[in-house]
Structures are given as structure tokens and as C-alpha cells.
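Participant: Give me a model of this one.
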Amino acid sequence: MTAKIKLNAASGGGSFSLQAPSSSANNRVLTLPDLADGTIARTSDINFVKLQALQSSSAVSDLTFENLDVTTYRTFKFVFSGTPSTDGSTLYFRFSVDSTRQTQDSYTWGTIGVTDAGAVVDNADEQTFAKIAATSGSQNKEGWTLELTIVPHVSGDPAFRNNFGYSQVVRYNNSNLYRGETFWFRYQEDVATNGFKVYADSGNITNYSYTLYGLTR
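Facilitator: The predicted structure is shown next:
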């Protein structure tokens, strides 16, 4: 049986080869759907790349991501769910520069959301951190669920541009009541960042899972 199928280009001398596994014990099947038609994508054509993921029931003081590849990735997306160890805790965010937390009183943030009764709630502030999710209960049925988008300022960006983000949040507070919210924030400092930290304002984060993606430039 032929181990390789080779197709030569109509001109130019190039070719394409389809080669079977080196051992008969390594059987592989490639199936195309009935309506398949198009071009096979290159690895470089994949814009969203999964960088890391974790699921754990162990309590941690924060979730920290340092020295991210801001040359390859323009934007980072953090998909998270978890509960606080302390009932009624809020979720905060800070940028990092080479593992150094950015703690200037330059984080401006705002939020608007709805309650389980359909009432609209809003808030805003300028602090040494950005709020990315409001108070959550610590019971299993409560907690935070969110998708956070982060755009760092990098070398070559115009002064003071970027270092912003936003989160889409579904949470249940310490009375097990639904809240749906969007938060927006910006760190108004002219500093190139390459990491971030997510943490509760009180206690730890527990029973959590997350996936971090990078969006290529």
C-alpha cells in the first residue's frame, strides 16, 4: 500500500504530499463534510489562540498573568468563573509591568447593569484598581461568571492610548439574587504594560476556572 501520495504543481516545480503514519498502529482518519469546499488555513491565519487554562477548587489570593507576549497578541480575553471565600466580595483588576503591579490612582471605571427585578443600576469611580465585577456570594450557586477583554499599551502606541478593558458579567450576590452588568475601565498612565492581576477585595478566590486567549495583531 502506498505510504505517500504526491501531487505535483501544474508549473513552478512545487508539490503537495499526503503521507500515512509511520506505523500501522497509528491509524488516523481525516474526514471532510459533504459540503466541504475552500482553502486550508495556515497556523498564522488563526487569530484567537488559547494561551492557558486552569480549573481548581483550591483557594488562591489572586490570578496573575505576567510577561504576556504583547508583540504577538494585541488583545487578551479572559473567560472566568469562580466564587469568593469571603461572602459579599468584589472582583478587582490591575495591570502589571514586568511583574510590578500598577497601583497609581489612575484607574477610571464605570458600570451599568440590571437586577433580577429589571431595575437599572450604575456606578463609576477613579481608584488604584479597576472594578470588573461587583459583590458576589460565596455559596456554590452564587459567584461570578465573566468575560474580560484587555488591551495593553505597548511600545509604539501613541502616548496614553490603550491600557483599557471591559467585562461582561453575570453574578449572584450574597442573597443569591441575579445581577447582569458591563464594566469599562482605563488606566490613564503612559506606561507599557504586559500583564495583569485579578483578585477579590477581601479573602480568596475559590472553585474557579479560567481560559486566557490572545488575539493576534
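Participant: Give me the three-state assignment for the most centrally placed residue in the chain.
Facilitator: Within the chain, one residue has its C-alpha closest to the average C-alpha position: by CA atoms, centre = their mean, that is residue 78, at 1.6 Å. Following DSSP: H, G, I helix; E, B strand; the rest coil, the label given to residue 78 is strand.
Participant: count of residues packed around the closest residue in space to it that isn't next to it in sequence?
Facilitator: Of all residues not flanking residue 78 in the chain, residue 148 sits nearest, at 4.2 Å (CB to CB, 6 or more residues apart in numbering). Heads up, the C-betas are built off the backbone N, CA and C, glycines and all. For residue 148, the neighbour count with other CB atoms under 10 Å is 24.
Participant: Please report the distance of residue 148 from residue 7.
Facilitator: To residue 7, residue 148 is 46 Å away according to CB to CB, to the nearest Å.
Participant: Which strands border the lowest-mean-pLDDT helix or strand in the chain, and is each parallel or antiparallel?
Facilitator: For the chain, counting by mean pLDDT, DSSP states H and E, strand 15-19 ranks last in confidence among helices and strands (a mean of 79). Listed by DSSP bridges, the sheet partners of strand 15-19 and their directions read strand 4-8 (antiparallel).
Participant: Which residues outside the strand it pairs with are in contact with it?
Facilitator: Here strand 4-8 makes contact (CB atoms under 8 Å, 6 or more residues apart in numbering) with 14-20.
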